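**Q** any chance you can model this:
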Amino acid sequence: RPFPQSIEAERALLGGLILDPDQIEDVTGLVSADDFARPDHAALFELIRGMRARGEKVDSITVPERVVRGGHDERFGGLGYVLGLPDAVPSTTNLDHYAGVVAEKAQLRRIIVTAQKAMEQAYAHDAEPAVIRESVTRDMSEIGTRGANNWISYADAVDAAVVAADEASRGVSTMTLATHSRKLNEALGGGLPTKEITIIAGRPAMGKSSLARCIFEHIGKSHGVGIFALESTTEQVGMLALADECDIPMASIRSGDLRAEQWDRIAAPSLRARGLDIDLNRLTDVSLDDIRAEARALNARRLRAGKGPIRALVIDYLQLIRVDRKRGESTNDMLEGLSRGLKMLAVALDVALVLLCQLNRELEKRSDKRPIAADLRGSGGLEQDARVLLFPFRPHAYDHDADPREAEIGIAKSTYTGTGIVPMRWTPSRTRYDDLEDPVDVAVAAMLDSAEADEGGAWSTAEIGAELDARVAPAPRPPANVHQFP
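**A** Alright, predicted model coming up:
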């Protein structure tokens, strides 16, 4: 069967541009030379467009004259053919319609070529299915954007910002996703930015995966989340979630050595997990192309199920993504390409992309073991491509005299707010990062409890002040030269 084409529309468009060259700029935004089915039509379109760009006069005399110049008029269909094109134009007021028809037929041809290419690859078994799917998805996406209007006025951009601010004030922002931590949300200006990379980095045993789990479980209450747990099996992720929710040691869950009341406690989290919109990917050996293909496949499956697309994508962790290094390519160049690809993926999927990253041992040579942004150097463009850098840190991991519950999240970069430290509480048995309880709230609650126990005894202002002074311990001081978020 012949490829889709409309030779009549191509002839009418070219003839119309010769008659009314003032429409060339408008038409150029709708159609390109590659959209013409006939090579001589494509060559003539480029000739007319070039003449206009150089300020040359375009009409029924100058265009044929340029066609015969050099003795290669056959490239454009011949002099007689070009002279007859203006006669094929019903009306120059319909040139945008003719351009739309030409572009539409070109899109159909590209779809057929893309499908044929995928069929040939599939029959030849010369590529993994995920790679073929990703190639088809990418090519189809490019087809959809060709000829589209990719410009927006400055005023419209400002209006969109006003709408975004209004949505944020009403708690329905599409630019950020709130985490489980109120203080972390405040420090980040509302939560994790969408269409951007947020990096959670640290040395082993700092609780990177635990912090990520606290965040994505909270997001999963109201938004779709996709997770690539490359370091763990899906069963291990589930066990960690149970240990957290039930406050039962992981070893007991793994061995099944549980008391009757612990079995009862396990049932509730299982029901709660069904209320979270979270999907785990089973693959543990994936490339960037695999991640793209799997994420898009997940969105397609969600769409068929009547759900919206995912709003967050978690990858645990960077160094486990398989990368085929090119000959002569440095590790830094390889990671830079990976980082740029992840950034483009966050934009394409409109997600908050949370990327976990393992830091090297160099920081342990310092007296202050807290990570800093420079510890990511040597990891390609990650430090530049990420909008937010979070460093979970537990002093007890290095100083066993420290309080095992003491923890913090260092914000080494936040493009939209600032850097600093958010004090947190670490719960070892549940491997959780949570906000520190406000000491004043705790003290007031205890006072109210004691008042009720005393049958409603009243507290005077002086008694309240004295009791708070006695119950509220001074907050720990942050390290020198580091801002601590209140």
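
**Q** which helix in this structure runs the most residues?
**A** Ranked by residue count and defined by DSSP state H, the top helix of the chain is helix 95-124.

**Q** which helices and strands sit right next to that one?
**A** In terms of contacts (3 or more Cβ pairs under 8 Å, 6 or more residues apart in numbering; DSSP states H and E), helix 95-124 is packed against helix 7-19, helix 24-28, helix 129-145. From N, CA and C alone the C-beta is placed, and that goes for glycine too.

**Q** skip the chain neighbours and tell me the closest residue to the most centrally placed residue in the chain.
**A** With distances taken as Cα atoms, centre = their mean, the residue of the chain nearest its centroid is residue 346 (2.0 Å). Counting by Cβ to Cβ, 6 or more residues apart in numbering, residue 346 lies nearest to residue 353, which is 3.9 Å off, once chain neighbours are set aside.

**Q** so that neighbour lies in a helix, does it not?
**A** No - assessed with DSSP: H, G, I helix; E, B strand; the rest coil, residue 353 is strand; it does not lie in a helix.

**Q** from here on, call the first residue 39.
**A** Let's use 39 as the start, then, which means that last one is residue 391.

**Q** beta partners for it?
**A** Here residue 391 sits in beta bridges with residue 235, residue 351, going by DSSP bridges.

**Q** correct me, but it touches residue 377?
**A** No - using Cβ atoms under 8 Å, residue 391 makes no contact with residue 377, being 10.8 Å away.

**Q** neighbour count for those two, which is higher?
**A** residue 391 (27 against 23; other Cβ atoms under 10 Å).

**Q** now that one: how far from residue 333?
**A** 10 Å (Cβ to Cβ, to the nearest Å).

**Q** which neighbours do those two share?
**A** 351, 383 (Cβ atoms under 8 Å, 6 or more residues apart in numbering).

**Q** flag the shaky bits of the stretch 89-238 of the chain, pLDDT-wise.
**A** For the stretch 89-238 of the chain, the stretches with pLDDT under 70 are 168, 179-190, 192, 206, 209-211.

**Q** show me where the stretch 389-524 of the chain has strands.
**A** Assigned by DSSP state E, counting those that start in this stretch, the stretch 389-524 of the chain shows strands spanning 390-396, 424-431, 444-452, 458-465, 470-473.

**Q** so residue 425 sits right up against residue 454, yeah?
**A** Yes - counting by Cβ under 8 Å, residue 425 touches residue 454, with 7.3 Å between them.

**Q** so those two - more neighbours on which side?
**A** Between residue 425 and residue 454, counting by other Cβ under 10 Å, residue 425 is the more crowded of the two (21 against 13).

**Q** and stretch 105-114, what's buried?
**A** 105, 111, 114 (16 or more other Cβ atoms under 10 Å).

**Q** closest to residue 52 among those residues?
**A** Residue 52 lies nearest to residue 114 out of the buried residues of stretch 105-114, by Cβ to Cβ, at 9.5 Å.

**Q** so who does the closest one touch?
**A** Contacts for residue 114 (Cβ under 8 Å, 6+ apart) come out as 78, 81, 82, 85, 105, 120.

**Q** could you check the distance from residue 380 over to residue 235?
**A** Distance, residue 380 to residue 235, using Cβ to Cβ: 6 Å.

**Q** overlap in contacts of those two?
**A** Contact with both residue 380 and residue 235 is made by residues 391, 393, 423, according to Cβ under 8 Å, 6+ apart.

**Q** let me know the closest of those to residue 65.
**A** Nearest to residue 65 among those: residue 423, at 37.4 Å, using Cβ to Cβ.

**Q** any idea how far the closest one is from residue 381?
**A** 5 Å.

**Q** common neighbours of those two, please.
**A** In terms of Cβ under 8 Å, 6+ apart, residue 423 and residue 381 are both contacted by the residues residue 235.

**Q** dump the residue contacts of the closest residue to residue 74 other than its chain neighbours.
**A** Residue nearest to residue 74 in three dimensions, not counting chain neighbours: residue 80, with 4.1 Å by Cβ to Cβ, 6+ apart. Residue 80 makes contacts with 71, 72, 73, 74, as judged by Cβ under 8 Å, 6+ apart.

**Q** ok and the helix or strand encompassing residue 80 relative to helix 45-57, angle-wise?
**A** Element membership for residue 80, per DSSP states H and E: helix 77-91. Inter-element angle recorded for helix 77-91 and helix 45-57: 20 degrees (by axes from the mean of the first three to the mean of the last three Cα atoms, to 10 degrees).

**Q** after helix 77-91, next one along is what?
**A** Once helix 77-91 ends, the next helix or strand along the chain (criterion: DSSP H and E) is helix 100-106.

**Q** show me what that following helix is packed against.
**A** The elements that helix 100-106 packs onto, with contact taken as 3+ Cβ pairs under 8 Å, 6+ apart, are helix 77-91, helix 117-122.

**Q** got the CA positions of the first one in PDB?
**A** In this case it means helix 77-91. Extracted in PDB, the C-alpha atoms of helix 77-91 (Å, rounded to 0.1, in the frame of the first residue of the first chain):
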ATOM      1  CA  PRO A  77      11.800  15.200  -2.800                       C
ATOM      2  CA  ASP A  78      11.300  17.900  -5.500                       C
ATOM      3  CA  HIS A  79       8.600  19.500  -3.400                       C
ATOM      4  CA  ALA A  80      10.900  19.500  -0.400                       C
ATOM      5  CA  ALA A  81      13.800  21.000  -2.400                       C
ATOM      6  CA  LEU A  82      11.500  23.800  -3.700                       C
ATOM      7  CA  PHE A  83      10.100  24.600  -0.300                       C
ATOM      8  CA  GLU A  84      13.700  25.000   1.000                       C
ATOM      9  CA  LEU A  85      14.500  27.200  -2.000                       C
ATOM     10  CA  ILE A  86      11.600  29.500  -1.300                       C
ATOM     11  CA  ARG A  87      12.200  29.600   2.400                       C
ATOM     12  CA  GLY A  88      15.900  30.400   1.800                       C
ATOM     13  CA  MET A  89      15.100  33.200  -0.600                       C
ATOM     14  CA  ARG A  90      12.800  34.800   1.900                       C
ATOM     15  CA  ALA A  91      15.300  34.500   4.700                       C
END
